[in-house]
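[1] I'll drop the sequence and a predicted model, then ask my questions.
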Amino acid sequence: MTINNKPRVFIGSAVESINIAKTIQKSLQYSCYCETWAQGIFKPSNTALESLIEALDIFDFAIFVFSPDDISKIRDKAYTIVRDNVLFETGLFIGRIGRRRVFYLAPDRVELHLPTDLFGFNPERYDSTHPNVEAALEIACSSIEEQILILGKIDRK
């Protein structure tokens, strides 16, 4: 793949999972131009939504880290949930670039409560207890990279 043909990948996460996002970026660095949400996506004087809408037109793929960062009470039962902004951003990207170009990673051994609209949208799993985060994410990142290479860049002509 020539340098100019490398797809651009947005990586979203909660602040608490930025290390996972950066590790994904590192894993995919030779096949994609990856940018985490913390690397210039949110522009000064723009709202977060404006910056995200602008980002939808420049990225070919998006990867989101679904981590159990919050707890929500639903019908008198407590659930671990993904940050609402991460879910919202996932939906934005699915709506613009399509479900096949949006991926999410979730730790195994953790049951996350997700909106029913995401049922059937299968995550890549990783071992969040592994002492080496790069090794823990390698299989998931390889699987995502394979799909990215198959689908390629979006033709925006």
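    Great, that's in hand.

[2] residue nearest the centroid of the protein?
    The residue lying closest to the centre of the chain (Cα atoms, centre = their mean) is residue 64, at 1.6 Å.

[3] for it, name its beta-bridge partners.
    As for beta bridges, residue 64 partners with residue 12, residue 104 under DSSP bridges.

[4] per-residue pLDDT, residue 108?
    For residue 108, the pLDDT comes out at 89.

[5] give the helix, strand or coil label for the nearest residue to it once chain neighbours are set aside.
    Computed as Cβ to Cβ, 6 or more residues apart in numbering, the closest residue to residue 108 that is not its neighbour in sequence is residue 125, at 4.3 Å. C-beta: built from backbone N, CA, C; applies to glycine. Assigned with DSSP: H, G, I helix; E, B strand; the rest coil, residue 125 falls in the strand class.

[6] state the distance from residue 125 to residue 110.
    Look at residue 125 and residue 110: by Cβ to Cβ, to the nearest Å, they are 9 Å apart.

[7] and residue 54, how many neighbours?
    For residue 54, the neighbour count with other Cβ atoms under 10 Å is 13.

[8] residue 125 and residue 110 - which one has more neighbours?
    In terms of neighbours (other Cβ under 10 Å), residue 125 is the more surrounded of residue 125 and residue 110; the figures are 16 against 12.

[9] and that one, how close does it get to residue 112?
    11 Å.

[10] can you show me the helices along the chain?
    For the chain, the helices defined by DSSP state H occupy 18-27, 48-56, 84-97, 133-151.

[11] output the lowest mean pLDDT helix or strand found in the protein.
    strand 112-113 (a mean of 78; mean pLDDT, DSSP states H and E).

[12] helices or strands up against that strand?
    strand 77-81 (3 or more Cβ pairs under 8 Å, 6 or more residues apart in numbering; DSSP states H and E).
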